[in-house]
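Colleague: below: sequence and its predicted model.
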Amino acid sequence: MTQAAATEHHEPVENTSTGLNSRKLMMWAFLGSDVMFFGAFIATYLVYRGKSLVGPYPSEILDIPLTSVSTFVLLMSSLAMVLGLHYVKEGQKNKGTIWILVVVVLGAIFMGFQFYEFREFAHEGLTPRTNIFGTTFFILTGIHGAHVTIGVAWMAFMAYGSHTGALRKDNALDLEIAGLYWHFVDIVWIVIFTVIYLISATDGPPPGVGPTILH
Amino acid sequence: MTTKSLKFPQAFPRPKSATGIWSWIGTVDHKRIGTMYGIVSFIWFLVGGLEALLMRAQLASAENDLIGPEAFNQLFTMHGTTMVFLVIMPLSAAFFNWLIPLQIGARDVAFPRLNALSFWIFLFGSILINFSWVTGDAPNGGWFGYAPNSGTTFNPGLGMTYWVVGLNVLGVASIAAGLNFIVTILNMRAPGMDMFKIPIFTWMTLITSVLIVLAMPVLAVAGIQLMTDRVYGTHFFNSLGGGDPVMWQHIFWLFGHPEVYILILPAMGIVSEVLPTFARKPLFGYPFVVFAGAVIAFMGWFVWSHHMFTVGLGPAANTAFSISTMLIAVPTGVKIFNWLGTLWGGNIRLNTPMLFSISFIAMFTIGGLSGVMHASPPTDAQQQDTYFIVAHFHYVLVGGALLGIFSGIYFWWPKFTGYFLNEKLGIANWALMMIGFNLQFAPMHWLGMDGMPRRIYTYAENMGWEGSNLAASIGGLILGIGILVFIFNVFYSKMNKVMAGDDPWDGRTLEWATSSPPPVHDFDVIPQVQYRDDFWFKKYPETISEYYHDDHDQAVPSGAQLDDEVEEALPVVSGGSDDHGHGAIHLPDMSYYPFILSVGIAILGAGFITNTYVVGAGVPFILWGLLGWSMEPVNDPE
C-alpha cells in the first residue's frame, strides 16, 4: 500500500492471520469469558431458587410491571447503540453523538430503576442478608448493574470522543467493540429477567410457611 | 495523519530508556515480561518448597511437636495455593511469553501493554496473598477453601479473606493473559503458518489459554460468593440462611478440574517439543496430540464431581462422573503413545532436557494411572482424603508439570540467554530431583492405602507409619537439594559461559531461526512458513519428501502478511506488504499505565480485606491507569 493510500479514506482491511481485527477478536473472547462468569451466578440462583427459609419471598416482593419497563428501556438502548454506530460509520458526527448519548441516558435510567428497586426491597425487608433469595438476587443483579455502570461510563467516553471528533468513521471500530460489550450486557439482562422475574414470579413460601408481607 | 485524538495529561514522560528500573516497569517486551514472570514465580517456588519442607520436618516422626496444628494448617494451605497459582501457572506463563511470539514468527504479542498488566497484577496479587504471613494470619482452609470451614463461623480471622481476595486478583491477571495469547496465536502467525503448522507448544498454549479464559471466571464467582459471605454476611454457603456448603464444592471444582489441565497442558507442550528435537524426527501423530489436547480441555468440564464422590450426590451422579473420568484418561493415554512413538526408532540424544522429558512420561503415567484408580467411586471412597490422593496429584503436578517445566528451562535456556546451562550439574539436578521426588511421594501411596489421612499435623506412634514418613521427609530434603543444585547451576553457568549459538540443539521450530538471545524485535525478517517444523525442513530439504508426499498444499497463502495496516501491537514494517523487514522496524513504545492500573487493582483488593476507605483509595489509580492507557497511542508520533 502506498503512503498516499494509507492516509486517504479506505475500508478497513485487517492484515492478521485470520483477517479479523485483533481487538474485536479479543472482545469476543472476553465475552465468552463473561458468559462463564454470569453463567455461574445464574446457575447459583437457579440451584437456590425456592430455598429461602424466611421471607420476603419472590412472589411477595417482585414488581414485574416496573421491571418490564426498565427492561424495555435497556432493550431500546441497544437500538440506540446500533443507530449511533451507523451514523458514526456514515461520518454524521452530530447524529452519531446524539444516539450515543441516548445510549448513555437509557443506561442511566436503567441504573436508576435498579437503584429504586434495591431501595424499595430494603424498605420491605429484603437485603442480601435476609435470606438466600436476597443473597442470590442482589449479587446477581448487582454484578449485572456493575456491568451496566461500566458500559455507561464507556459510552459517555465514546460520546465525548464523537463530540470532539476523536471518534470518526475511520476508527468507528472503537465504538463497534464497545457496542459488542453493550449488546452482551443487554442480552444477559434478558436471561436474568427471565430467570429471576418471569419464572420466579410465583415463588412463594415453602409448604407450611405463611406469607411474611401482608399487602 | 492529522486527525484529532484525545489527550490525557501525562504525570511522567513516557518511559524510553532501555536500561534501569523504569525500563522494566515500563516494558512491553514479551521477552522481558517472560523473564520477570520466571524470576518472580521461581522465588515463590522456593517459598512454597520451604513450606513443604517444614511440613515434612513435622511429619518425619510420630507425635512430633515441631509445628503446631494451627501453623500446619496454614502451611498446607499456602503450599497448595502457592504451587498452583504462583508457581506452575506463572512459570507456564513465562514460557508462553518468551516463546509464543518466537514460535509463530511475530515481533510481540497482540497486546503488549495488556501483557505487562497481566504480569504486574500477578506480582501484586501474589504479594497480597502472601502478606497474610506478615500479619500472622495466613489462610488455613486448604487450597480448595471448602465451605463452611472457610466461612467466618469456623474461620473468623482475616486469613481466608486474604486468600479469596488474592485469588480473585490473580484471576484477573490470568484472564488478561489468556485473552492475549488466544488473539496472538490466532492472529499473529507468520505468513503461511496455518493452524496445523504451528508448533505443538503453541497449540497447547492456545488450548490452555481457552481453558484459563473460561475457567477463571468460575473461580471468580466462587471467590466473590465466599467473599460476600465473609465480608457482608450473605448466605451462599450458610445453611442457616438457606445456602448449601456443597454448592461451594460444585463451583470450586467446576473451576478446579479444568485448572488441573491448565497446569499440565503447557508441560505436555514442552515435552512435545523436546522429544522430537532429541529424537531427531517429527512428533509422531501431530494431529492426534492436538486433538487429544482439545478433547482433554473439553471433557475436563464434565468430570468435576469426581472430587466429590464421598459427598453423597447419589449413584446416578457418581456413575456419570465416574464414566466421564475414565473416558478422559483415553486422550491422555493417546498422548503418551504419541511420545513413545516419537522416541521409537529415533536417533536419541540423552541430555538434561531429554532426561527430564522422558522422566515426565514415566512419572506422569504413574500419576495418571493412580488417577484412573480413584475414578471408581467405591475405590475413591477408600482413598478420599488419604495420602494416596496426595501421592497421586504430586506425581501429576511435580512428576508431570514441574519436570516438564524443568525440561523446558534446560531446553530453551540457550535461546533465552545465549549460553548453555552446565550439563554435568544439570544431570546432577535431574538425578537428585528424581531420587528425592520418588522417595518422597512413592511411600505416600501405601501410607494412604494404610489409611493415613491428609492434612493431619501428626500421627500416633503405633500406626506403623513412621518409616514411610521418614523416607518421605528425607526424599523431600533430597528434592530440595536438587533444586539448590539448579540454582547453583544458573549462577555457575552464568560465570562460566559456554556460548550456544543460535541453534544449539538442531531445533525444529522458528525460535531457533533467530539469534540467541533474540534481538528486541525478535526477527530481522519475518519468516515465510511452508511446512510444519519449517525451520528443520529448510535446513534439511532432502527430508521433505520423506514426510510430505504431495506438493499441492505447499503454496504460501497470500494476505496474511505484515504491513502498516496491522493492529495495535503489531510492529510496523515500513515499506509495504511485500517487503518484509527491509526498512525500519517499529516496536510498540513503553508505557507505565499497566503498572499504575495494577497498583490500583492491588489497593482495591487490599481494601476488600481491610476497609472500604482503602477501596476508595484504589479507584483513582484505576481511573488514572484506564484513562491514560486508552488515550495513549501505541506509538508516539515521531
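Modeller: Looks like it arrived, so ask away.

Colleague: helices of chain A, start to end?
Modeller: Remark: helices assigned in chain A by DSSP state H are A:3-7, A:22-48, A:58-61, A:64-90, A:93-123, A:132-164, A:173-192.

Colleague: does the shortest one reach chain B?
Modeller: It stands for helix A:58-61. No. Using Cβ under 8 Å from any Cβ of the partner chain, helix A:58-61 stays clear of chain B, coming no nearer than 12.9 Å. Every C-beta, even on glycine, is put in place using the N, C-alpha and C of the backbone.

Colleague: pLDDT of that helix, averaged?
Modeller: For helix A:58-61, mean pLDDT rounds to 89.

Colleague: how many neighbours does the closest residue to chain B within chain A have?
Modeller: As assessed by Cβ to the nearest Cβ, chain B sits closest to A:Ile132 within chain A, at 3.3 Å. A:Ile132 has 27 neighbours, counted by other Cβ atoms under 10 Å in any protein chain shown.

Colleague: one more: B:Arg349?
Modeller: 13.

Colleague: I'd assumed B:Leu275 was in contact with it.
Modeller: No. At 11.0 Å, B:Arg349 does not count as touching B:Leu275 under the criterion of Cβ atoms under 8 Å.

Colleague: measure the residue in the stretch 201-350 of chain B positioned nearest to chain A to A:Pro206 for me?
Modeller: Across the stretch 201-350 of chain B, the shortest distance to chain A (Cβ to the nearest Cβ) belongs to B:Gly242, at 3.3 Å. According to Cβ to Cβ, to the nearest Å, B:Gly242 and A:Pro206 sit 10 Å apart.

Colleague: hey, what's in contact with both of these two?
Modeller: Taking Cβ atoms under 8 Å, 6 or more residues apart in numbering or on different chains as the contact rule, B:Gly242 and A:Pro206 both touch A:52-53.

Colleague: among these two, which residue is more densely surrounded?
Modeller: The residue with more neighbours, out of B:Gly242 and A:Pro206, is B:Gly242; 22 against 12, by other Cβ under 10 Å.

Colleague: name the nearest residue to the more buried one, ignoring sequence neighbours.
Modeller: Spatial nearest neighbour of B:Gly242, chain neighbours left out: A:Ile132 (3.3 Å); criterion: Cβ to Cβ, 6 or more residues apart in numbering or on different chains.

Colleague: A:Asp203 too?
Modeller: A:Pro58 (4.3 Å).

Colleague: kindly report the same for A:Leu25.
Modeller: Leaving aside its sequence neighbours, A:Leu25 sits nearest to B:Val183 (Cβ to Cβ, 6+ apart; 5.2 Å).

Colleague: residue ranges with poor pLDDT in the chain?
Modeller: Since you didn't name a chain, this refers to chain A. For chain A, the stretches with pLDDT under 70 are A:1-13, A:208-215.

Colleague: can you look at chain B instead?
Modeller: Ranges of chain B meeting pLDDT under 70: B:1-4, B:549-584, B:637-638.

Colleague: quick one on the thing from earlier: what is the neighbour count of the residue nearest to A:Asp203?
Modeller: Look at A:Pro58: counted by other Cβ under 10 Å, it has 21 neighbours.

Colleague: cool, and B:Gly20?
Modeller: B:Gly20 - counted by other Cβ under 10 Å - has 9 other residues nearby.

Colleague: and the gap between it and chain A?
Modeller: 31 Å (Cβ to the nearest Cβ, to the nearest Å).

Colleague: and B:Met188, by the same measure?
Modeller: Distance of B:Met188 to chain A, computed by Cβ to the nearest Cβ: 7 Å.

Colleague: so what's the residue count around that residue?
Modeller: B:Met188 has 27 nearby residues by other Cβ under 10 Å.

Colleague: before we move on, what about B:Ile121?
Modeller: B:Ile121: 26 neighbours (other Cβ under 10 Å).

Colleague: which other residues reach stretch A:104-119?
Modeller: If you take Cβ under 8 Å, 6+ apart as the criterion, stretch A:104-119 is touched by A:63, A:66-67, A:69-70, A:73-74, A:76-77, A:80, A:138, A:141-142, A:145, A:148-149, A:151-152, A:155-156, A:159, A:182.

Colleague: and if you look at stretch B:74-82?
Modeller: For stretch B:74-82, the surrounding residues in contact (Cβ under 8 Å, 6+ apart) are B:44, B:47-48, B:51-52, B:54-55, B:67, B:129-130, B:133, B:138-144, B:159, B:163, B:167, B:455.

Colleague: just the buried members of these?
Modeller: Buried members of the contacts of stretch B:74-82, counted by 16 or more other Cβ atoms under 10 Å in any protein chain shown: B:44, B:47-48, B:51-52, B:54-55, B:67, B:129-130, B:133, B:138-144, B:159, B:163, B:167.

Colleague: mind listing which of these are in helices?
Modeller: Residues of the buried ones among the contacts of stretch B:74-82 located in helices (DSSP H): B:44, B:47-48, B:51-52, B:54-55, B:129-130, B:133, B:159, B:163, B:167.

Colleague: closest one of those to B:Phe488?
Modeller: Checking these against B:Phe488 by Cβ to Cβ gives B:Val47 as the nearest, at 18.8 Å.

Colleague: you'd agree the closest one is up against B:Asn130?
Modeller: Yes. The pair B:Val47 and B:Asn130 qualifies as a contact (Cβ under 8 Å) at a distance of 7.2 Å.

Colleague: quick check, central residue of chain B?
Modeller: With distances taken as Cα atoms, centre = their mean, the residue of chain B nearest its centroid is B:Met89 (2.3 Å).

Colleague: which parts of the stretch 301-450 of chain B are helices?
Modeller: With helices called from DSSP state H, counting those that start in this stretch, the stretch 301-450 of chain B shows them at B:315-343, B:352-373, B:377-383, B:387-396, B:403-417, B:423-449.

Colleague: among the ones you listed, which is the most enclosed?
Modeller: helix B:403-417 (a mean of 25; mean count of other Cβ atoms under 10 Å in any protein chain shown).

Colleague: now it - C-alpha only, CSV.
Modeller: C-alpha atoms of helix B:403-417 as CSV (Å, rounded to 0.1, in the frame of the first residue of the first chain):
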residue,chain,number,x,y,z
LEU,B,403,9.5,-32.0,35.3
GLY,B,404,8.1,-30.7,32.0
ILE,B,405,8.9,-27.1,33.1
PHE,B,406,12.5,-28.1,34.1
SER,B,407,12.9,-29.8,30.8
GLY,B,408,11.8,-26.6,29.1
ILE,B,409,14.2,-24.5,31.2
TYR,B,410,17.2,-26.6,30.2
PHE,B,411,16.0,-26.8,26.6
TRP,B,412,15.3,-23.1,26.0
TRP,B,413,17.9,-21.6,28.3
PRO,B,414,20.4,-21.2,25.5
LYS,B,415,17.8,-19.3,23.5
PHE,B,416,16.9,-17.1,26.4
THR,B,417,20.4,-16.2,27.4
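
Colleague: gap between that helix and the chain center?
Modeller: Centroid separation between helix B:403-417 and its chain, computed with Cα atoms, centre = their mean, to the nearest Å, is 14 Å.

Colleague: compute the inter-axis angle for it and helix B:352-373.
Modeller: Helix B:403-417 runs at 150 degrees relative to helix B:352-373, counting by axes from the mean of the first three to the mean of the last three Cα atoms, to 10 degrees.
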